[in-house]
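*Asks:* Fold the following for me, if possible:
(chains A and B)
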Amino acid sequence: MDCLALRDGLFFGNQVVSGLATGGVYALVALGLVLIYKATQVVNFAQGDLLLLGAYVGWALTSVGLPFPVAFSLTLVLAAAGGLAVERLILRRMIGSPLIAVIIVTLGLSSMLRGVVFLVAGTEVRRFPEDVFGGPPVEVGPVLVPQIHAWALAIAAAAVAVLALFFRYSRQGVALRAAADDQQAAMSMGIRISRTFALSWGLSASVAAIGGILLGNLSGVNFTLADLGQQVFPVAILGGLDSLAGAIVGGLLIGVLQSVASGYVDPCVGGGLRDVVPFFALVVILMVRPRGLFGRAQIERV
Amino acid sequence: MLAALYVAVPALASAYQVYVLSTILVACIGALGLNLLTGYAGQVSIGQGGFLGVGAFTSALLASRTGVPFWLSVPAAGLVTALVGLVFGLPSARIKGLYLAIATLAAQVIIQWTLSRPAIAGGGSVAAPRPGVLQDDRIYYLVVLSVALLAVAFARNVLRTRVGRALVAVRDHEVAPAMIGVDVAQHKLLAFGLSALYAGIAGALLGHLGRAVTVEQFQLDLSIQYLAMIVIGGLGSLPGSILGALFVTLLPILLRAAVAPIDGLLPGSAAMVLSSVQVFLFGLIIVVCMAVEPRGLARLWARLGGALTR
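*Replies:* Modelled structure (predicted):
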């Protein structure tokens, strides 16, 4: 393949579609990151590793024979429990500590998760059972979309929709949004902040796990999922660290950017663009508009 | 104390021990740099591993591809790394600290990718030769020791000046110093540049210590290791950086010794097990230290009235 070769529109279409699929997943996982940031002011540097862990747990459950939907749901529950445990055991001890300390703790947590996964799982690529998302490709105009891409996008979109409904209509969801917007005001309305903290971590871990399972289906379960998990940061910065809508738009944009960039430019630079282009974009965003597309200006000002 | 380090050690220690000591000293330099940024200026950085890589590769490439002598290539590597650091620090100087943290992640990823381009390393390693007189590990150790001592002295002096106090003020209250005329952005940048300079020199020395550099040496895990060093030693403590560097550098060696006997019983190779246990342990150390005693080993040492704190 030649550098920057302008192939036909079909190639472009394929790149965009697969980019949207991974992008949808990024959007979902980034929602978790934004959620924790909004609720607790903390940037959870372990979010990508939660994705990694979720993928492995999900795979492990399917490999012992559980049907996929069961494995999926069980992973979700386990992830939520894990997130709650982390919040309860570690984060809660840090209340009152400076923000920098909490961020460092999430970095430590991230390392712990990576170490555990690597120790238990090693380096081989694991695959989810083929029959889960097998089947003929879906036709969208001239483009043939592999089933897995369509499903990944659909499931991610469904999860986002469920979250949106949760935030809009359930008491806990509204309380979470209130606490995220203005902690003091929420407390004066009787909202238990510790509960919103716990909820945000539980939800984030769950969406990260969903993301992990979906990406694991898309590109195999192995250590490089950690690199994909890292993309959640450029996504959140692009969309705006405190914007839920931004996470969605940012995710889709980054997904497509990755896909198109690696499709067209990889041959020029010896490959590897998929993982690094979003970070180039991140640096540009920080220079040009740090708050991202939908973030509030106050979040960036010193 | 100095006499012991300069004379007794090369005379009495084995070549391997001297090598380990040199590694520890390199880590001290890198840890000092990171502590200036994170412990004193209060900006989290997870790019230290990448910056060490920039230093290592710059010096190695200068020495092996263009024949620049060691005495020039190492400082040059430090300067180049400082510049690279400033490039990544610039966007985030005027905005909240956590954006700098994310920018350092970007730095780590971008640097890793850049260093692994075929044009740089041809997919393998770059040789980092030492000049004739430094071939002996013991003599190289003396050079590294001297640089490390310089690094400590420089850091102590910086911190004693107005600049140093300004850095601490920036860490503690990002808004208040601005009101009394301290240019927050400038000082954040300065701290960032300094820490990258230290990392560059440390990386260059490390490269020549091992006589070759590869990208695999400078990944995110190395950045986390450096973070562990300053967390264990105590954020914002110079002697702590040294203690932390010592501890974190020795830990893998101790681990290797501990794992060796059960090598055959483990799934996967011992190297993989070691690597993952290490990664896990460093993370655990960071979490436990930050949750329990953010002031680290240095506080323990101070309580014992150690000489280093004076």
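*Asks:* what's the spacing between B:Thr114 and B:Gly50?
*Replies:* Separation of B:Thr114 from B:Gly50 (C-beta to C-beta, to the nearest Å): 9 Å. C-beta here means a position set from N, CA and C on the backbone, and glycine is covered the same way.
*Asks:* Next: B:Gln43.
*Replies:* 16 Å.
*Asks:* Mind checking which of these two has more residues around it?
*Replies:* Neighbour comparison, B:Gln43 and B:Gly50: the larger count goes to B:Gly50, with 35 against 27 (by other C-beta atoms under 10 Å in any protein chain shown).
*Asks:* Give me the nearest residue to the more buried one, chain neighbours excluded.
*Replies:* When the adjacent residues along the chain are set aside, B:Gly50 lies closest to B:Ile111, with 3.6 Å between them (C-beta to C-beta, 6 or more residues apart in numbering or on different chains).
*Asks:* check contacts around that neighbour.
*Replies:* Applying C-beta atoms under 8 Å, 6 or more residues apart in numbering or on different chains to B:Ile111 gives the contacts B:47, B:50-51, B:53-54, B:84, B:218.
*Asks:* Check B:Leu149 too.
*Replies:* The contact partners of B:Leu149, by C-beta under 8 Å, 6+ apart, come to B:Leu2.
*Asks:* rerun at 10 Å
*Replies:* Contact analysis of B:Leu149 by C-beta atoms under 10 Å, 6 or more residues apart in numbering or on different chains lists B:2, B:5-6, B:25, B:28-29.
*Asks:* Tell me the one of those nearest chain A?
*Replies:* Distance to chain A across these (C-beta to the nearest C-beta) is lowest for B:Cys28, with 20.0 Å.
*Asks:* Quick check: what element follows whichever helix or strand that closest one is part of along the chain?
*Replies:* Using DSSP states H and E, the element containing B:Cys28 is helix B:15-35. Where DSSP H and E defines the elements, the next helix or strand beyond helix B:15-35 is helix B:48-65.
*Asks:* quick one: the helix holding B:Cys28 to helix B:48-65, angle?
*Replies:* Counting by axes from the mean of the first three to the mean of the last three C-alpha atoms, to 10 degrees, helix B:15-35 lies at 120 degrees to helix B:48-65.
*Asks:* Pull the number of nearby residues for residue 283.
*Replies:* With no chain named, the answer covers chain A. A:Val283 sits with 21 neighbouring residues when counted by other C-beta under 10 Å.
*Asks:* Correction: the question concerned chain B.
*Replies:* When counting by other C-beta under 10 Å, one arrives at 27 neighbours for B:Gly283.
*Asks:* dump the residue contacts of it.
*Replies:* A:46, A:49, A:105, A:107-116, B:221, B:224, B:227-228 are the contacts of B:Gly283 under C-beta under 10 Å, 6+ apart.
*Asks:* Please name the nearest non-neighbouring residue to residue 223.
*Replies:* Since you didn't name a chain, this refers to chain A. Nearest non-adjacent residue to A:Phe223 (C-beta to C-beta, 6+ apart): A:Thr123, at 6.1 Å.
*Asks:* try again with chain B
*Replies:* B:Gly49 (3.7 Å).
*Asks:* quick one: the helices in the stretch 151-300 of chain A?
*Replies:* Listed in chain order, the helices of the stretch 151-300 of chain A (DSSP state H, counting those that start in this stretch) span A:171-181, A:183-188, A:193-219, A:225-230, A:232-239, A:244-269, A:273-288.
*Asks:* nope, the stretch 101-250 of chain B is what I meant
*Replies:* Remark: helices assigned in the stretch 101-250 of chain B by DSSP H, counting those that start in this stretch are B:118-121, B:137-160, B:162-172, B:176-179, B:184-210, B:220-233, B:238-259.
*Asks:* count of neighbours near the residue nearest to A:Phe223?
*Replies:* By the other C-beta under 10 Å criterion, the neighbourhood of A:Thr123 contains 10 residues.
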